[in-house]
Structure formats: C-alpha cells, structure tokens
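> Sequence and predicted structure below; questions after.
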Amino acid sequence: MTDSSDHKTTSSTAWVDGELRLAGLDGRMIALLRAIDQSGSINQAAKQVGLSYKGAWQIIERANNGSPKTLVSTATGGSKGGGTCLTEAGRSLLTLFTDLERQHRQFLDQLNRSLADDTDTVLLLQRLVVKTSARNQIFGSVVAIRDGAVNAEVVVTLKGGDRIITSITLSSLNELGLQAGTDAVLLINSADITLTADSGSNRFTARNCLSGKVIRVQQDEVNAEVIVLLPGGETLVAMITQQSAQSLAIAPGMPVLAMFKSNAVVLGVMAPF
C-alpha cells in the first residue's frame with residue numbers, strides 16, 4: 001500500500017496534475033487489484049472501487065489476457081468469502097505500480113514547487129482558474145483611484161492600453177486594499193453593454209466607451225450575442241436585441257463602440273497565493 005504522506009503536495013495549489021498509466025494499466029485497474037488483494041473477493045473489491053461485478057470481471061479478464069502471466073487467480077471457495085487472489089506476477093505488478101506512483105507524485109510536487117516560485121506563471125495560472133457567471137472577465141492593473149464622499153472611482157488599464165472606470169463604495173475600496181499597481185479582474189454582464197457603430201466622432205455620456213471590432217454574431221429569435229475584439233486582444237460579449245442588431249447591421253469586421261456605466265463593472269482582486 002502507498003503511504004498517504006506520499007500524496008501530499010508541498011505547494012498549497014497543485015497547478016500540474018496527471019494520471020499515471022503503465023502500459024495501458026490505469027489507476028482504476030490498479031485500484032481493483034489492490035482491493036482484490038485486500039478482500040480476496042471480486043464482489044467486495046468491485047463495491048470498494050465503485051464498479052459493477054460484471055465491470056470488475058471485464059477489467060480482470062482484460063488484465064489477464066494482456067499480460068504474459070496471469071495476474072488474478074480465481075477458484076471456488078476461499079477463506080475470505082471468495083476464491084480470488086493476486087498471483088505472484090499480480091503482486092509484483094502492484095508493487096511496481098505503487099513505487100511508480102510515489103515517484104510520479106514526487107515529480108509532480110517538484111513541478112508545482114517550481115511553478116510556485118515563478119510569480120509571473122502563478123499570476124497567469126490564477127487567472128486561468130477564475131470562474132464566474134459573468135460573460136465578461138477582463139484582467140488589468142489599477143492606475144488611479146479617485147475618492148469621493150461616498151464612492152470611489154477606480155481606473156483600470158487593460159493590456160492594450162484601454163482604460164475602464166469602475167465605481168465602488170469607499171468601504172469596498174478599503175476591504176480590497178486597492179492601490180496603484182494592484183492587479184484586478186473586471187466582471188461585466190453582457191446585458192449591461194450597449195453597442196453602437198463607431199464613426200470616429202461619437203460622444204456619449206457612458207463612462208466607458210471602448211472601440212473594437214465585431215468578430216462573431218450569434219442570433220436567436222429574440223437576442224443577438226455579439227463578440228467584440230478589443231485592440232489589446234481581449235474580447236467583450238454584448239447581448240442586444242435582434243432588432244438592435246438588424247438596425248445597426250451588425251456583422252463580423254464592423255467597427256463598434258462597446259459602452260457601459262461605471263457601476264455596471266464588478267471589480268475584484270487576485271487572492272494572495
């Protein structure tokens with residue numbers, strides 16, 4: 001059996017993970033062999049690893065057929081409620097796989113420790129694992145904070161140079177610990193974004209007006225989902241009515257302005273690693 005301490009990763013987050021496979025033998029098959037070795041019963045072993053009796057038999061038959069030596073021996077009767085046991089070859093295989101598992105885990109631990117020491121890589125990976133219900137999730141850096149009597153305006157610059165202004169309460173500002181240079185994530189619902197044709201001379205009252213280009217349009221009977229590419233490579237998804245899409249003649253390649261209010265943006269910061 002493998003010592004449980006062998007499976008502990010020294011890093012708090014396992015960025016790299018993977019299943020060990022040996023010549024077609026995967027973790028499920030090895031788990032079944034271990035359970036058979038412990039119980040001496042295919043029926044009990046199948047229940048232990050979450051397999052049906054038939055499924056367990058199919059795995060055993062495949063393992064025996066694919067091996068130059070029989071791995072599992074079956075006979076009538078048995079002191080442990082069944083006549084099933086691992087052969088000497090089966091136990092040797094189980095020992096080999098257990099040793100490889102330990103080495104595999106040590107290898108993954110080493111990779112994760114190396115990643116944890118690379119702050120740029122950790123930042124990238126943190127962003128990739130953020131999951132929200134908002135269709136738009138954009139990362140940037142805080143460049144300015146303007147305090148007001150009740151709220152504060154936070155200016156976040158995107159990687160392409162575009163700036164987004166978001167309005168948050170002063171208490172939220174303090175709770176987030178925002179300051180210039182802080183990495184931030186901006187969440188914007190697609191329904192909060194308004195699109196208009198970009199003629200180059202438009203003026204609007206919305207605090208955020210980003211120029212972009214339509215790259216895809218998906219329509220149903222009521223709405224149109226428009227994906228807009230920003231200069232820095234980020235994309236915004238806007239949900240507008242089909243009537244609006246037809247009125248604007250929205251089509252791929254068309255330059256547009258994506259507009260939204262400052263209070264439509266939810267601002268967050270990356271948790272410390």
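Thanks, I have the structure now.
> Downstream of the helix or strand bottoming out on mean pLDDT in the chain, the next helix or strand is which one?
Ranked by mean pLDDT, DSSP states H and E, the helix or strand of the chain with the weakest confidence is helix 119-129, at a mean of 52. Where DSSP states H and E defines the elements, the next helix or strand beyond helix 119-129 is strand 136-147.
> What residues sit buried inside that next one?
N136, Q137, I138, F139, G140, V142 (16 or more other Cβ atoms under 10 Å). Quick note: C-beta positions are derived from backbone N, CA and C, even for glycine.
> Can I get that strand in PDB, CA atoms only?
Output of strand 136-147 as PDB, limited to C-alpha atoms (Å, rounded to 0.1, in the frame of the first residue of the first chain):
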ATOM      1  CA  ASN A 136     -17.000  39.100 -19.500                       C
ATOM      2  CA  GLN A 137     -14.000  38.600 -17.300                       C
ATOM      3  CA  ILE A 138     -11.100  41.000 -18.100                       C
ATOM      4  CA  PHE A 139      -7.800  41.500 -16.200                       C
ATOM      5  CA  GLY A 140      -5.900  44.700 -15.800                       C
ATOM      6  CA  SER A 141      -4.000  46.900 -13.500                       C
ATOM      7  CA  VAL A 142      -5.200  49.700 -11.300                       C
ATOM      8  CA  VAL A 143      -3.600  53.000 -12.400                       C
ATOM      9  CA  ALA A 144      -5.700  55.600 -10.500                       C
ATOM     10  CA  ILE A 145      -8.100  55.900  -7.600                       C
ATOM     11  CA  ARG A 146     -10.300  59.000  -7.100                       C
ATOM     12  CA  ASP A 147     -12.000  59.200  -3.700                       C
END
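> residues making contact with it?
127, 130, 152-159, 163-164, 170, 173, 178-190, 193, 234, 236-237 (Cβ atoms under 8 Å, 6 or more residues apart in numbering).
> Make a ChimeraX selection of whichever of the residues you listed turn out to be buried.
To isolate the buried members of the contacts of strand 136-147 in ChimeraX, using 16+ other Cβ under 10 Å:
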select :152,153,154,155,156,157,158,164,173,178,182,184,185,186,187,188,189,190,193,234,236,237
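> How about the contacts made by R216?
Counting by Cβ under 8 Å, 6+ apart, R216 touches V226, I227, P252.
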